[in-house]
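J.: Have a look at this fold, sequence not included:
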């Protein structure tokens, strides 16, 4: 097909000196932390939390709890669009890549790519398309083909030569559980991922990620307050080492403690049957400043930006390409 898309991958280090690039979705967890008067302290505290959590989980041959540190790269993926006039790019996806530093052996161990997941097209789908579709509807419903374009873009990226040249394993995305759903323990326990939960029913997020070629399992790691949602292809338990999984847990649980303390920094642990709540008052706050209200407003702005600069101008190309992917 003539109107195929290619990708350009850019990396930037997430450390205490990190400054978000112009193309970064400022609603993204790590970008939101790097703003304001306390930005450097926020970043420093976040990285310390990640390292401490990693060493707690990777406790074997680690008597002082200081053997490992987590190194994070922000992976920004630009989509190159060959249009009718000339080629242009659009910031399609932003994910995180973990690496693990073993200070005992001076080894740098490759971690999992994915972790956090940011997408302008997802902002458009959830903050523009979905509300517009339901504006005058008596009952909530999902638009036809909802998430298909986004899913095809993601799958095309993971199967691309650019992805395979940069990453050795498929991505794992780690998200918060939904406060709209309930979860139940199923008896399976993994040494690192912890206690497995099952979601009752299905969620819109689960259906959306399924179109990206990803399935989900829910695990509450040791000493965690609530389960995390792990989206993956393949076999989550067999395809990744313990250290790789710990890198993802320590990174994403830290972000969730900051962003959703009512769930992940709760003072009581999720029981056999669990209903997450963002109104839970029995939780502790970290010292890290995070503007959750601003984040939801920015998602709408970014969705409208996507509609104006990507969805509308390339409507015909995108529809043809996405239909071709489904064949």
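T.: Yes, it's here. In this text the structure is predicted, and so the values were computed from the model without any measurement.

J.: all strands of the stretch 51-200 of the chain, in order?
T.: Assigned by DSSP state E, counting those that start in this stretch, the stretch 51-200 of the chain shows strands spanning 68-82, 87-102, 107-119, 172-176, 183-190, 194-199.

J.: err, the stretch 201-327 of the chain, not the other one
T.: Using DSSP E, counting those that start in this stretch, strands in the stretch 201-327 of the chain cover 215-220, 228-232, 273-274.

J.: Tell me the strands beside the shortest one, with direction?
T.: Pairing partners of strand 273-274, with direction, according to DSSP bridges: strand 183-190 (antiparallel).

J.: May I see the buried residues of the partner strand?
T.: 183, 185, 190 (16 or more other Cβ atoms under 10 Å). Using the backbone N, CA and C atoms, a C-beta is placed for each residue, glycine as well.

J.: Over to stretch 46-62?
T.: Neighbour counts over stretch 46-62 (16+ other Cβ under 10 Å) mark 46-47, 49-51, 53-55, 57-58, 62 as buried.

J.: Most widely separated two among these?
T.: Distance extremes for those: the farthest pair is 46 and 62 at 21.3 Å, using Cβ to Cβ.

J.: what sits against residue 274?
T.: By Cβ atoms under 8 Å, 6 or more residues apart in numbering, the residues touching residue 274 are 177, 182-185, 197, 226-227.

J.: any chance of those in JSON lines, plus distance to residue 278 and pLDDT?
T.: Formatted as JSON lines, the contacts of residue 274 follow (distance: Cβ to Cβ, whole Å; pLDDT from 0 to 100):
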{"residue": "177", "distance to residue 278": "11", "pLDDT": "93"}
{"residue": "182", "distance to residue 278": "14", "pLDDT": "95"}
{"residue": "183", "distance to residue 278": "15", "pLDDT": "96"}
{"residue": "184", "distance to residue 278": "20", "pLDDT": "96"}
{"residue": "185", "distance to residue 278": "22", "pLDDT": "96"}
{"residue": "197", "distance to residue 278": "18", "pLDDT": "97"}
{"residue": "226", "distance to residue 278": "12", "pLDDT": "96"}
{"residue": "227", "distance to residue 278": "15", "pLDDT": "97"}
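
J.: Can you tell me which of these is closest to residue 281?
T.: residue 226 (15.5 Å).

J.: what's the neighbour count on the closest one?
T.: 24 (other Cβ atoms under 10 Å).

J.: Let me know whether it touches residue 268 as I believe.
T.: No. Using Cβ atoms under 8 Å, residue 226 is not in contact with residue 268, being 10.0 Å away.

J.: isn't residue 200 right next to residue 183, touching?
T.: Yes. With contact defined as Cβ under 8 Å, residue 200 reaches residue 183; the gap is 7.0 Å.

J.: Can you add distance to residue 7 and give the strands of the stretch 51-200 of the chain back as TSV?
T.: TSV is the format used below for the strands of the stretch 51-200 of the chain (distance: least, Cβ to Cβ, whole Å):
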stretch	distance to residue 7
strand 68-82	5
strand 87-102	7
strand 107-119	13
strand 172-176	17
strand 183-190	33
strand 194-199	32
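
J.: Out of those, flag the one nearest residue 242.
T.: strand 183-190 (9.4 Å).

J.: Strand 194-199 and the closest one, what's the angle between them?
T.: 150 degrees (axes from the mean of the first three to the mean of the last three Cα atoms, to 10 degrees).

J.: And residue 114, how close does it get to residue 172?
T.: For residue 114, the distance to residue 172 (Cβ to Cβ, to the nearest Å) stands at 5 Å.

J.: Quick check: neighbours shared by these two?
T.: residue 248.

J.: residue ranges of the helices in the stretch 201-327 of the chain, please?
T.: 204-210, 236-239, 242-259, 261-264, 292-306, 315-326 (DSSP state H, counting those that start in this stretch).

J.: again, but for the stretch 1-150 of the chain
T.: For the stretch 1-150 of the chain, the helices defined by DSSP H, counting those that start in this stretch occupy 29-33, 39-57, 120-124, 130-133, 148-158.

J.: Out of these, which one sits most buried?
T.: The highest average neighbour count among the helices of the stretch 1-150 of the chain, using mean count of other Cβ atoms under 10 Å, belongs to helix 120-124 at a mean of 24.

J.: ok, residues contacting it?
T.: 25, 27, 90-92, 149-150, 153, 208, 299-300, 302-307, 310-311.

J.: now that helix: mean pLDDT?
T.: Averaged over helix 120-124, pLDDT sits at 93.

J.: next one: stretch 43-50
T.: Regarding stretch 43-50, the rounded mean pLDDT is 88.

J.: circling back: among the strands of the stretch 51-200 of the chain, which comes closest to residue 286?
T.: strand 172-176 (15.2 Å).

J.: relative orientation of the closest one and strand 228-232 in degrees?
T.: Strand 172-176 and strand 228-232 are oriented at 150 degrees to each other (the same axes, to 10 degrees).
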